[in-house]
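[1] next come a sequence and a model predicted from it.
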Amino acid sequence: MNAATTKTNHHSDQPSVKITINKVGLDRPRAWLAAGVEDFRRATVVSLSYGMFWVGLSIAITLGAFTMGYWYWLLPMIAGFMFIGPLVAVGSYGISRALERGQVPNLGDAFGSWKPHAGQLAMMGVMMMIFFLAWIRLATLLFALFFGFEVPSPASLYTALLTTSEGLGMLAVGTVAGGILAFGAFAISVVAIPTLMDQDLTFMEGIEASVRCVARNFRVMLLWAVILTLCVLVGVMTFYIGLALILPVLGHASWHAYEDLVRFEPFEKIKS
């Protein structure tokens, strides 16, 4: 289980590191979740406050969409949360990192942990936004193919989705296509964002580490992706309220997954 692949970073303006991707077993996601729950317990007030911030924002966006008549965007936007979820978890990473350093986490760790690496994290944000916009475009095309261009009422739309062949067909195709797109986003980000918070690397190096991590532990990471998706779905089904607990716990767990999967070792540069 300790086998690893390595990657050497040769930037001339920063220390070099050897990046090792560890091979882990299918039992590790349970350990990550347990560690996430423990971090939430140790920093309940800060973690819950961070989760409630995103719940409040989600409720505000939902109410705004209904008020402005854009309710039909809600379903693809909710489904597209998986594309931006890794960015939402940044605050939880900061809390877990503070706990590991023996510090008492505060809201600054949750909302300001991105600042030291703002540039590279912003580039990752652009990458994730590209996936999100691609999903929105795909969802729009699917809706047009199955229902045409006329927007029905909310009641008739959601009824049609579950009771008509067109609606069930769109859900089936959208689930498969969206799942493929979402796993692609997961593959480039699952450890990339915590890597960028933890090390002075470029966003492309973070993406490379993340892809190598998924390739080396494909079944484990597929299981982890399913767990993350199901947990977020449960949170959404509680009208977002459950996300106040679920988002921080998953964020903490993802930080521990990163530490379990990726190891960095400094070494002396070879002089030419």
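    Sure, I can see it. Residues are numbered from 1 along each chain as shown.
[2] in what helix or strand does residue 21 lie?
    Taking DSSP states H and E as the criterion, residue 21 maps to strand 17-22.
[3] what mean pLDDT does that strand have?
    Averaged across strand 17-22, pLDDT comes to 88.
[4] check which element follows it along the chain.
    helix 28-42.
[5] which elements pack onto that following helix?
    Using 3 or more Cβ pairs under 8 Å, 6 or more residues apart in numbering; DSSP states H and E, the elements in contact with helix 28-42 are helix 44-67, helix 90-100, helix 218-237, helix 243-261. To be clear about C-beta, it is placed using only N, CA and C from the backbone, and glycine gets the same treatment.
[6] would you agree residue 188 is in contact with residue 127?
    Yes - counting by Cβ atoms under 8 Å, residue 188 does reach residue 127; the two are 6.6 Å apart.
[7] any shared contact partners between those two?
    Taking Cβ atoms under 8 Å, 6 or more residues apart in numbering as the contact rule, residue 188 and residue 127 both touch residue 207.
[8] which of those two has more neighbours?
    Between residue 188 and residue 127, counting by other Cβ atoms under 10 Å, residue 188 is the more crowded of the two (23 against 19).
[9] secondary structure element for the more buried one, which one?
    Short version, using DSSP H and E: residue 188 is in helix 165-189.
[10] now that helix: average pLDDT?
    92.
[11] the helix or strand just after it - contacts with which helices or strands?
    Using DSSP H and E, the helix or strand that follows helix 165-189 in sequence is helix 192-198. Counting contacts by 3+ Cβ pairs under 8 Å, 6+ apart, helix 192-198 packs against helix 81-88, helix 90-100, helix 118-147, helix 203-216, helix 243-261.
[12] using JSON lines, lay out the ones you listed together with mean pLDDT and distance to residue 20.
    Putting these into JSON lines (pLDDT from 0 to 100; distance: least, Cβ to Cβ, whole Å) gives the following:
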{"stretch": "helix 81-88", "mean pLDDT": "88", "distance to residue 20": "22"}
{"stretch": "helix 90-100", "mean pLDDT": "95", "distance to residue 20": "19"}
{"stretch": "helix 118-147", "mean pLDDT": "91", "distance to residue 20": "21"}
{"stretch": "helix 203-216", "mean pLDDT": "95", "distance to residue 20": "10"}
{"stretch": "helix 243-261", "mean pLDDT": "97", "distance to residue 20": "9"}
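[13] and of these, who's closest to residue 71?
    helix 118-147 (13.2 Å; Cβ to Cβ).
[14] what residues of the closest one count as buried?
    Under the neighbour-count criterion of 16 or more other Cβ atoms under 10 Å, helix 118-147 has 120-121, 123-125, 127-128, 131-132, 135-136, 138-139, 142-143, 146-147 buried.
[15] re the thing from before, any chance of the helices and strands packed on helix 192-198 in a markdown table with distance to residue 56 as columns?
    Shown next, in a markdown table, are the helices and strands packed on helix 192-198 (distance: least, Cβ to Cβ, whole Å):
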| stretch | distance to residue 56 |
| --- | --- |
| helix 81-88 | 13 |
| helix 90-100 | 14 |
| helix 118-147 | 21 |
| helix 203-216 | 29 |
| helix 243-261 | 9 |
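[16] so which of the ones you listed comes closest to residue 60?
    Across the helices and strands packed on helix 192-198, residue 60 has its closest neighbour in helix 243-261 (13.5 Å, Cβ to Cβ).
[17] which parts of the next helix or strand after the closest one are buried?
    Using DSSP H and E, the helix or strand that directly follows helix 243-261 along the chain is strand 262-266. For strand 262-266, the neighbour count (16+ other Cβ under 10 Å) marks residue 262 as buried.
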